[in-house]
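Q: Build me a model from this:
(one chain, ligands or ions: 1)
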Amino acid sequence: CSSDLDPGCDRGRNRARYRGRFAPSPTGALHLGSLLTATASYLDARAAGGEWLLRMEDLDRPREMPGAADAILRSLTAHGLHWDGEVHYQSRRSALYDQALAQLTAQGRSYDCGCSRREVAEASQHGHGHGDDNGDGEQVYPGTCRDGMAPGKTARARRLRLQGEVIRFTDRVFGLQQQSPAQQVGDFVLHRADGIHAYQLAVVVDDAAQGISDVVRGADLLRSTARQIVLGQLLGLPLLRYAHLPLLRNAAGEKLSKQTLDRKSTRLNSSHVKRS
Ligand code: GLU
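A: Numbers count the residues shown, from 1 in each chain. Modelled structure (predicted):
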């Protein structure tokens, strides 16, 4: 293989074989929603006679809760969810993300952005973009620095230069999907202003480097999928199969998270499992 990103690296591994993964972020202990995702992903892999890998998505160090990564591993083991091979830590893989970023830059598909969050919100509101958000609370970047930063600006983040790609894929749970990242979020961030590689880039690089064939995860990430497919296409990586699971909600209809789980009042029954 010429590099870990080389799709040719997969040849020896037999792409037809199922390889799934669970990729928690160690921002807190495993909550019931994540446990559901982990169990579904594990069972899907085992039912297919495949492997199930574990990846700790610990890039966002400021949001990490000390001890959470180990607590997650203990919880998975306690629930009989045994992973194959070594746990893979994203915090140790920056060189690989830099390599992908360099590849995108060489293709003319990434650029420096000097905008602060406030400037993105303001520019968007003043009619340069598609409105202040896309209806899902996500900011749509209006492309301010696409043709170069204004004089006096310094580079903060690095963004992907989209070219109006419209992505179609069939989710195993939600069926045929059509998404346009340009309309959903605009040119999105690959490398953040705080020096951290963005989730969207790291997840694509790692899924390929780990030879993942199948992603089973929560429906809150359904809308990220086209962004990841675009990146995969630009980096010449194999297309994955996706299954997004309806989110587990509490009696108040709230998505289960570290916060909702902390409340002792959280009660569940089957009628609270809804499609998001
Ligand atoms: N690390 C992400 C999370 O905990 C999941 C990423 C993925 O499955 O693609 O929400």
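Q: Quick one: name the residues of the stretch 1-150 of the chain near the ligand.
A: Residues of the stretch 1-150 of the chain that fall close to the ligand, judged by C-beta under 6 Å from any ligand atom: Ala23, Pro24, Ser25, Glu57. In short, each C-beta sits where N, CA and C put it, glycine included.
Q: The last one: neighbouring residues, count only.
A: Residues near Glu57, counting by other C-beta atoms under 10 Å, number 20.
Q: In contact with it, which residues?
A: Residues in contact with Glu57, defined by C-beta atoms under 8 Å, 6 or more residues apart in numbering, are Ala23, Pro24, Ser25, Pro26, Gln90, Tyr199, Ala202, Val203.
Q: Against Ala78, how distant is it?
A: Per C-beta to C-beta, to the nearest Å, Glu57 is found 21 Å from Ala78.
Q: mind listing the strands for the chain?
A: 19-22, 51-56, 88-89, 110-113, 157-160, 167-171, 175-179, 189-191, 214-218, 241-245 (DSSP state E).
Q: Give me the sheet partners of the first one and which way each runs.
A: Sheet neighbours of strand 19-22, with direction, are listed as strand 51-56 (parallel) (DSSP bridges).
Q: Contacts made by the partner strand with the rest, please.
A: Counting by C-beta under 8 Å, 6+ apart, 17-24, 26, 41-42, 45-46, 69, 72-73, 76, 81, 83-85, 87-91, 206, 210, 212 sit against strand 51-56.
Q: Could you give the separation of that strand from the chain centroid?
A: 15 Å (C-alpha atoms, centre = their mean, to the nearest Å).
Q: Also stretch 201-220?
A: Centre to centre, stretch against its chain (C-alpha atoms, centre = their mean), the figure for stretch 201-220 is 7 Å.
Q: First-to-last residue distance for that stretch?
A: Its start and end residues considered, stretch 201-220 measures 17 Å (C-alpha to C-alpha, to the nearest Å).
Q: what's the farthest-apart pair in the contacts of Glu57?
A: Using C-beta to C-beta, these reach their maximum pairwise distance at Pro26 and Val203, which is 15.2 Å.
Q: surely Pro62 meets Gly195?
A: No. Between Pro62 and Gly195 no contact is recorded; they are 10.7 Å apart, counting by C-beta atoms under 8 Å.
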